[in-house]
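Enquirer: no letters, just coordinates:
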């Protein structure tokens, strides 16, 4: 089996981190329910395997809550890093399509403080409650074009990488879209990876395995520029398939 990747779900309370993690896993592993209080209070993890790729899915509490004690926030960040270990991390910033709060305006800054200044380069924005857009007759692109400038800035800083989850759709198809977006992000990193083969070890193999998984073209060893196959990497944002 190809060594895997850590998928870390981050975001504010009530955005659907645990439900999204369960969708990725294909089973109800993390508690998820409507509540006025946080349901997730500690860093949790579970593993799944997709066509030979081991993915560790890491669910987290709202560690960016401004009312949280700094010592508790520091502990949660360290717990998350410890669970990830030395493996590669992909961050999913989970956001609710029907709201954009003051606390989310500077969430990337908070993430950079916690996980380093390059965290946005490894981040995909995962929007939940896609059924709200469907009822309104809006696509994800429509939604983003009319959304708050602060939200648009977050998406842009994350390389316009975003996916939409909704309850009425197959979890499998949504996870495939997410993996395609992640693989596109990994392809873009391959150029720098080629110059660091010794340090990265299995990383190129994981990229190749993900590309095979979603049916993309092999990444040439001498590649210098990459033109994404998926149109979602070229537009402001959109679904991956």
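Expert: Noted; the coordinates are in hand. Given the structure is predicted, the values throughout are model-derived calculations rather than measurements.
Enquirer: where does this structure dip in pLDDT?
Expert: Residues of the chain that meet the criterion pLDDT under 70 lie in 1-3, 32-39, 51, 189-241.
Enquirer: longest helix in it, please.
Expert: helix 171-194 (DSSP state H).
Enquirer: where does the spatially most central residue of the chain land in three-state SS?
Expert: Against the mean C-alpha coordinate of the chain, by CA atoms, centre = their mean, the closest residue is residue 92 at 2.2 Å. Secondary structure, DSSP: H, G, I helix; E, B strand; the rest coil: residue 92 is strand.
Enquirer: what does the one 3 residues further on give?
Expert: In the three-state summary, residue 95 is assigned as strand, counting by three-state DSSP.
Enquirer: pretty sure it contacts residue 15?
Expert: Yes - checked against CB atoms under 8 Å, the pair residue 95 and residue 15 is within contact range at 5.7 Å. Yep, even glycine has a C-beta here, placed from its N, CA and C like the rest.
Enquirer: and for the two, which residues touch both?
Expert: Listed contacts common to residue 95 and residue 15 are residue 128; contacts here mean CB atoms under 8 Å, 6 or more residues apart in numbering.
Enquirer: wait, the residue nearest to the centre of the chain touches residue 127, no?
Expert: No - taking CB under 8 Å as the contact criterion, residue 92 and residue 127 are not neighbours in contact, 10.4 Å apart.
Enquirer: show me what the strand or helix carrying residue 20 is packed up against.
Expert: Secondary-structure assignment from DSSP states H and E places residue 20 in helix 17-25. Packed against helix 17-25 by the contact rule (3 or more CB pairs under 8 Å, 6 or more residues apart in numbering; DSSP states H and E) you find strand 2-10, strand 44-50, strand 53-59, strand 89-96, strand 123-128, helix 171-194.
Enquirer: out of these, which is the most enclosed?
Expert: Per-stretch averages of neighbours, counted by mean count of other CB atoms under 10 Å, single out strand 123-128 among these, with a mean of 25.
Enquirer: following element in sequence after that one, please.
Expert: Later in the chain than strand 123-128, the nearest helix or strand by DSSP H and E is helix 130-136.
Enquirer: for that following helix, name the packing helices and strands.
Expert: Right, helix 130-136 is packed against helix 140-145 by 3+ CB pairs under 8 Å, 6+ apart.
Enquirer: distance between the helix or strand following the helix it packs on and the chain's centre?
Expert: Taking DSSP H and E as the definition, the helix or strand that follows helix 140-145 towards the C-terminus is helix 149-157. Relative to its chain's centre, helix 149-157 lies at 15 Å (CA atoms, centre = their mean, to the nearest Å).
Enquirer: for stretch 72-88, same thing?
Expert: Centroid separation between stretch 72-88 and its chain, computed with CA atoms, centre = their mean, is 16 Å.
Enquirer: follow-up on the earlier one: for the residue nearest to the centre of the chain, give me its contacts.
Expert: 7-10, 20, 123-126, 178.
Enquirer: so in terms of bridging, what pairs with it?
Expert: Going by DSSP bridges, residue 92 is paired in beta bridges with residue 9, residue 124.
Enquirer: separation between it and residue 128?
Expert: For residue 92, the distance to residue 128 equals 10 Å [CB to CB, to the nearest Å].
Enquirer: repeat for residue 47
Expert: According to CB to CB, residue 47 and residue 128 sit 22 Å apart.
Enquirer: the inter-axis angle of the longest helix of the chain versus helix 17-25?
Expert: For helix 171-194 against helix 17-25, the angle between stretch directions is 90 degrees (axes from the mean of the first three to the mean of the last three CA atoms, to 10 degrees).
Enquirer: so residue 12: helix, strand or coil?
Expert: Judged by three-state DSSP, the three-state class of residue 12 is coil.
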